[in-house]
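**Student:** next comes the sequence, and after it the predicted model I'd like to discuss.
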Amino acid sequence: MTLDVARIRKDFPILERQVRGGQTLIYLDSANTSQKPRQVIDAISGFYERHNANIHRATHELSEEATAAYEGARVKLASFVGARSAAEIVFTKNVSEAINLVAYALGNASSGAPAHDSAGSAGSAGRFRLGPGDEIVVTEMEHHSDLVPWQLLCQRTGATLRWFSVTPEGRLDLSNLDDLITERTKLVALVHQSNVLGTINPVKLIADRAHAVGALVLADAAQSVPHMPVSVQDLGADFVGFTGHKMCGPTGIGVLWARRELLDEMPPFLGGGEMIETVWMDHSTFAAPPHKFEAGTMPIAEAAGLAAAADYLNEIGRESIHAHEQALLADALAQLTDIAGLRILGPTEPADRGAAISFEVDGVHPHDVSQVLDELGIAVRAGHHCAWPLHRALGVQASTRASFYLYNTHEEVTALADGIRQAQKFFGVI
Amino acid sequence: MQIQSLYQEIILDHYRNPHHKGLREPFDAEVHHVNPTCGDEVTMRVALKDVDGDPVVTDVSYDALGCSISQASASVMSDLVIGKPVSEAMRISREFLDLMQSKGKTEPDEDTLEDAVAFAGVAKYPARIKCALLGWMAWKDATGRALDETTGQAS
């Protein structure tokens, strides 16, 4: 079923804005953050207008409603990614925090912190302990949020960081898969869909190798979950992180999905109210997952907003959204490869590739490209897009990135191509 | 286009033909600065000479990778500071920084800033202010280090 984009665009109030003194907004920066439909905005303000209270703690009616909104969001998000139970959904403030949560679980286990979970046993957590001689494997195409936490973890524990290289075509070099992932590997962290290249990585293939040698796998799904159906049962990873603000939800809320038995074993991340079971002055015991990992007052209204976003995307149909993006992608790849002096980073065919396109323009720096585009009302991103090592690996100083979502049109693709040519004219390269 | 106010002809000229570009010897200090948001970078060398007890900038040489604003600004900066006493160059630098932070509300002094007044439009585009300042910050850093090196010595 093809998307009725005109109708969808009416759901997004911001798309009616004019920018730069009279230009219609052409928003091609959804990989950075997505725009929000009225339904999500109303869910958040509606929560504050009619249901606001703290959750779990009080017996009054408002608190019951707030709790239902929050825990209801958890159930909804579990279903959204095919989790077996809502207890496997941990809310965080964003996907960076979700990844750090796992990194700190490994770090805390390594420093010998006992995890008295509600079953009463000190978590053996052997597979979470790491030290000198152990290895964490990442890739050269990671967003800094799936790289820096592992650098810090290795610094803290003495473990070694290793990584998959990127090919000039923008794919992972898997030729040394069996050398890279070995019995020394504790965890492999990799991006599902690259925020720069659009590349979709073979998570299952890599996870199979990781599991064969006893390693855990974390997938950064920040750019995939918003754009296509993703099932954690099929993806192959043990941990999957994604974030609300890239899937038409609000900022301030992210999700870590993890297999229940792992969450049971992992020591806490942040300590505080709500994540406890019993508290004395000199020690505490901790709640069962997921609450063990949610300290203090969580982003409750944001959870309501995220649930509304999940509903919104489901109602339109994530397969349809994906098909629409693939059509825009094919159109954009064709129009952009037609521009002399423009080089696309990464795969230039739509297969196994999401709808973010990063590119260089000969003789025009990305800042200058994006400045001219901005003047035309077109919002893109310029720089290294939080993937500096990736740019270095590809021999690129910086790039311009356009990214597409359900509310973009083919006319906007053409406007992008025209705008790039205008930038080339302005800077005298054509 | 409003961006004509950002991309004045002077800026585009300096971008196409940057003055004093290239790394030269001798030099008294070299620094490497990077803009973390975009990866623009500059390697800058400063050579000073003692004239009647006052350090004077004799050469600024640089190698830079970056956008038109950052490249042009480094070029204009080198024109402005070479041949001047460090104290005067630092004053010019301060005035340029004020211009960048003015949000477009102040009139730049063309006598002091000369070609650098062309960057007045940058103050209205906050995302580009760091671009315009990259070369200046590198020069200040290099000059500071050169002065540390040569404290008490005539060169």
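**Tutor:** Happy to help now that I have it. Note that the coordinates shown come from a computational prediction; the quantities given were computed from them, not determined experimentally.
**Student:** give me the contacts around stretch A:369-379.
**Tutor:** For stretch A:369-379, the external contacting residues (C-beta atoms under 8 Å, 6 or more residues apart in numbering or on different chains) are A:18-20, A:23-29, A:361, A:380-382, A:400, A:412, A:415-416, A:419-420, A:422-423, A:426, B:1-3, B:6-7, B:125, B:128. Bear in mind the C-beta positions are built from the backbone N, C-alpha and C, glycine included.
**Student:** in strands, which of those residues fall?
**Tutor:** Members of these lying in strands (criterion: DSSP state E): A:18-19, A:23-24, A:26-27, A:361, A:381-382, A:400.
**Student:** ok, and the most crowded of those?
**Tutor:** Compared across the ones in strands among the contacts of stretch A:369-379, residue A:400 has the highest neighbour count, 27 neighbours, by other C-beta atoms under 10 Å in any protein chain shown.
**Student:** which pLDDT value goes with that residue?
**Tutor:** Per-residue pLDDT puts residue A:400 at 98.
**Student:** and of the ones in strands among the contacts of stretch A:369-379, the nearest to residue A:39?
**Tutor:** Using C-beta to C-beta, residue A:27 comes nearest to residue A:39 of the ones in strands among the contacts of stretch A:369-379, at 18.0 Å.
**Student:** nearest residue to the closest one other than its sequence neighbours?
**Tutor:** Among residues not flanking residue A:27 along the chain, residue A:379 sits closest, at 5.0 Å (C-beta to C-beta, 6 or more residues apart in numbering or on different chains).
**Student:** so who does residue 32 touch?
**Tutor:** I'll assume chain A. A:381, A:403.
**Student:** right idea, wrong chain: chain B
**Tutor:** Neighbouring residues of residue B:32 by C-beta under 8 Å, 6+ apart: B:41-44, B:138.
**Student:** for chain B, which residues are neighbours of chain A?
**Tutor:** Residues of chain B lying close to chain A by C-beta under 8 Å from any C-beta of the partner chain are B:1-3, B:6-7, B:12, B:16, B:37-41, B:65-70, B:125, B:128, B:131.
**Student:** burial measure for the residue nearest to residue A:27, as a count.
**Tutor:** Neighbours of residue A:379 using other C-beta under 10 Å come to 17.
**Student:** select the longest helix from chain B.
**Tutor:** helix B:129-149 (DSSP state H).
**Student:** and the strands in the stretch 101-250 of chain A?
**Tutor:** Assigned strands in the stretch 101-250 of chain A, in chain order: A:135-139, A:160-164, A:185-191, A:216-220, A:239-243 (criterion: DSSP state E, counting those that start in this stretch).
**Student:** in contact with residue 90, which residues?
**Tutor:** Let's take chain A. Residue A:90 touches A:98, A:101, A:255-258, A:263, A:289-290, A:293-294, counting by C-beta under 8 Å, 6+ apart.
**Student:** my bad, chain B
**Tutor:** Neighbour list for residue B:90: B:140, B:143 [criterion: C-beta under 8 Å, 6+ apart].
**Student:** that one: which element?
**Tutor:** Here residue B:90 sits within helix B:86-100, counting by DSSP states H and E.
**Student:** after that helix, which helix or strand is next?
**Tutor:** Heading C-terminal from helix B:86-100 (DSSP H and E), you reach helix B:110-113.
**Student:** which other helices and strands does that next one contact?
**Tutor:** Packing partners of helix B:110-113 (3 or more C-beta pairs under 8 Å, 6 or more residues apart in numbering or on different chains; DSSP states H and E): helix B:86-100.
**Student:** list the buried residues of the helix it packs on.
**Tutor:** Within helix B:86-100, the residues that count as buried by 16 or more other C-beta atoms under 10 Å in any protein chain shown are B:86, B:88-90, B:92-93, B:95-97, B:99-100.
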